[in-house]
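> pasting the structure only:
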């Protein structure tokens, strides 16, 4: 691997020099100077918004989050913290007199509080162990809940204490690693703890999952949104998938559990529902609880309905039944009559509402933007995290009656001053089965239609993650455009926001209609005179990386180069080495050892068509990507090398499915654009 590493470095000075010339376009380094909006909380009196912003030090290779506030009515942004460590898990104390947060500045994660003006900071907890996270206050202020890791298994050193330097694992079951971490013999449990009269936490919390080997929130992506207090403060709800080993690897069956602080009893509210049930939210009067629910067992990208459970009748119902919208970020109206939520729609994310008793869904916002998340700030007011393809996240105030948005922050005004962004066009392309497909086309800054431009087909991953008006810090369309490329980004078959049939049809058909959709998109846009058909490339990650490998054997001369990040190359070898078997079984249509193989393995496996590869390819993979293990990238690179195809392998030993470390990200971009420039030779963005 050392040889590969130094080979990559050999090209960095040339690329760095090329990218440093234009000062008025987006660069990888500039992306890491941007402040990234994080958590958001509205004060109990609905007058102030607290939020975090993370800024990165590229030289130090790390970030730091600080706390800010802004009035709901609009006004000056105030920075409350300036500590060298990050603040997170912000909460307004229910009486609104203090703002609390978690910080590790004392060596372990502890809870601190400050006045709303940033003064009077003091530590109010004495936790003896690290791992404290996801804290929430009961509405009464008498209790807090939080999550903390507890030991539930035994390592080799636990089993053989006389072998302290033994470096091995003994594995008897599945789920021994997940996403990017190995099993650490711990589980994340939910705790609750009384709050003293002076606001401090004393003693130790009670583990409501004592003796269990299960996680809450769900790991590794679940957070505080999967935990909730009832209004009376004596009940709490949490999300957990109470399965282990092979059973957990094969199932999406998480449930919503209700714990009664007074009795110590736990009740499963979603028993009998076989898919993902997550994110509980109590009604304001505490008589009901809503949550997100997927109906199909084993299908991780099913439509998220909104289920409401009534404590009086002990009945539950999907109040969005019959709708094709998938919900996220649910919030009850103050009077309990309405539930608001975010949903993907036609390449955007918009706010919707539905009566809490069920009924017709109402779209509340429109336009080319994403409302990624929101908090209510009154009966008809929401504070939203808003992005576009061309602008990073800021806070806006949205009138839920009119849908009108008013900006509250401009976090990166200084950093982006004078930076040119390319035009973003929303097109429709006719597919091979005569459907209309939404395609985003992003043009270079100062685009001149009289010129010809190299063009990139972008293949989205997921395989069911939508292309929306998100501002990405990994695959940033404006950064690609700033390097002189036209970007073609189709919302091909399998991406949500275009109906259930469109969303679900990719399962079992990875190499079928979705691939034809990609070709329809690039062929349609290539009819434009400003697209240079001799300078087209194809790039993508995850399922998008699979698409790159598959298209490399089927593109019929369309592309001059390919780039695949964390892609699936050999589906038969991938299946038993990935970790969430429910996903593999559902999307592959079965296992590679079934008596009758699904066409995924016989017709759609990229490995089978590597004999047709004839185009230069850059392969990128992370060493701790357990979703798509690194051997998939190694197989693809080895194939290209043995077949004499110009190729390079960029390997990140300590990155998972995404490249998250600042300097690794800059390296990724430099190698990415160097490779493209070799074969597509873009003009400068000037």
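Received it, and whenever you're ready, just let me know what you need. As the structure is a prediction and not an experimental result, all values here were calculated from the model.

> how distant is stretch 143-158 from the center of its chain?
25 Å (Cα atoms, centre = their mean, to the nearest Å).

> Stretch 576-593 now?
For stretch 576-593, the distance to the chain centre is 22 Å (Cα atoms, centre = their mean).

> Report the mean per-residue pLDDT for that stretch.
On average, the pLDDT along stretch 576-593 is 96.

> distance between the ends of that stretch?
Start and end residues of stretch 576-593 are separated by 10 Å (Cα to Cα, to the nearest Å).

> Show me which residues of that stretch are buried.
Neighbour-count burial for stretch 576-593, counted by 16 or more other Cβ atoms under 10 Å, picks out 578-584, 586-590, 592. Just so you know, the C-beta spots here come from the backbone N, C-alpha and C atoms, and that holds for glycine as well.

> ok, so of those residues, who is nearest residue 644?
Nearest to residue 644 out of the buried residues of stretch 576-593 is residue 592 (Cβ to Cβ; 29.1 Å).

> In this structure the closest one contacts residue 575, no?
Yes. Shown here, residue 592 and residue 575 form a contact pair, counting by Cβ atoms under 8 Å, at 5.3 Å.

> which of the buried residues of stretch 576-593 sit farthest apart?
579 and 589 (19.1 Å).

> and residue 467, backbone torsions?
Torsion angles at residue 467 (phi, psi; degrees, to the nearest 10) stand at phi -90, psi 110.

> count of residues packed around it?
A count of nearby residues for residue 467, using other Cβ atoms under 10 Å, gives 23.

> quick one: it and residue 497, what's the gap?
Distance, residue 467 to residue 497, by Cβ to Cβ, to the nearest Å: 9 Å.

> Chain neighbours aside, what residue packs nearest to residue 349?
Nearest non-adjacent residue to residue 349, counting by Cβ to Cβ, 6 or more residues apart in numbering: residue 370, 4.1 Å away.

> Could you tell me how many residues sit around that neighbour?
24.

> same check, this time on residue 555
Neighbour count of residue 555, defined by other Cβ under 10 Å: 23.

> Phi first, then psi, for residue 532.
Residue 532 adopts backbone torsions of phi -90, psi 110, taken as degrees, to the nearest 10.

> swap that for residue 449, sorry
phi -60, psi -10.

> quick one: the residue nearest to it when sequence neighbours are not counted from residue 523, how far?
Counting by Cβ to Cβ, 6+ apart, residue 449 lies nearest to residue 530, which is 5.0 Å off, once chain neighbours are set aside. As for residue 530, its distance to residue 523 is 15 Å (criterion: Cβ to Cβ).

> which ones are touching residue 210?
Counting by Cβ atoms under 8 Å, 6 or more residues apart in numbering, residue 210 touches residue 189.

> what about 10 Å?
Neighbouring residues of residue 210 by Cβ atoms under 10 Å, 6 or more residues apart in numbering: 150, 189, 191, 264.

> out of these, who has the most neighbours?
Counting by other Cβ under 10 Å, top hit in the contacts of residue 210: residue 189 with 25 neighbours.

> Could you look up the SS state of that residue?
strand (DSSP: H, G, I helix; E, B strand; the rest coil).

> now residue 515
Residue 515 is classified as helix under three-state DSSP.

> contacting residues for it?
459, 492-493, 509, 546-547, 550-551, 554-555, 604.

> What pLDDT does the model give it?
Looking at residue 515, its pLDDT is 98.

> same deal with the one 4 residues further on?
According to the model's per-residue confidence, residue 519 sits at a pLDDT of 98.

> Quick check on it: phi, psi?
phi -70, psi -40.

> That one against residue 536, yeah?
No. When contacts are counted by Cβ atoms under 10 Å, residue 519 is not listed as touching residue 536 (11.5 Å).

> Pick out whichever of these two has more residues nearby.
More crowded of residue 519 and residue 536, by other Cβ under 10 Å: residue 536, with 25 against 19.

> That one: helix or strand, and which one exactly?
Assigning secondary structure by DSSP states H and E places residue 536 in strand 531-541.

> Between strand 531-541 and the following helix or strand past that strand, find me the angle.
Using DSSP H and E, the next helix or strand after strand 531-541 towards the C-terminus is helix 543-552. Here helix 543-552 points in a direction 130 degrees away from that of strand 531-541 (axes from the mean of the first three to the mean of the last three Cα atoms, to 10 degrees).

> Helix 543-552 - contacts with which helices or strands?
Counting contacts by 3 or more Cβ pairs under 10 Å, 6 or more residues apart in numbering; DSSP states H and E, helix 543-552 packs against strand 453-459, helix 513-525, strand 531-541, strand 561-565, strand 617-622, helix 631-642.

> Go through those and pick out the most buried.
For the helices and strands packed on helix 543-552, average neighbour numbers computed from mean count of other Cβ atoms under 10 Å are highest in strand 561-565, which has a mean of 28.

> what's the spacing between the residue nearest to residue 213 when sequence neighbours are not counted and residue 127?
Using Cβ to Cβ, 6+ apart and skipping the chain neighbours, the partner closest in space to residue 213 is residue 152 (4.5 Å). Separation of residue 152 from residue 127 (Cβ to Cβ) stands at 19 Å.

> With residue 45 instead?
Counting by Cβ to Cβ, the gap from residue 45 to residue 127 is 30 Å.

> between the two, which one's more packed in?
Using other Cβ under 10 Å as the criterion, residue 45 and residue 127 rank with residue 127 on top: 19 against 11.

> thinking again about what came up before, shared neighbours of residue 467 and residue 497, anything?
Taking Cβ under 10 Å, 6+ apart as the contact rule, residue 467 and residue 497 both touch 344, 347, 438, 491.

> How many residues are close by residue 375?
Neighbour tally, residue 375, other Cβ under 10 Å: 19.

> likewise residue 608?
Residues lying near residue 608 (other Cβ under 10 Å) number 17.

> is it fair to say it lies in a strand?
No. Residue 608 is assigned helix when assessed by three-state DSSP, not a strand.
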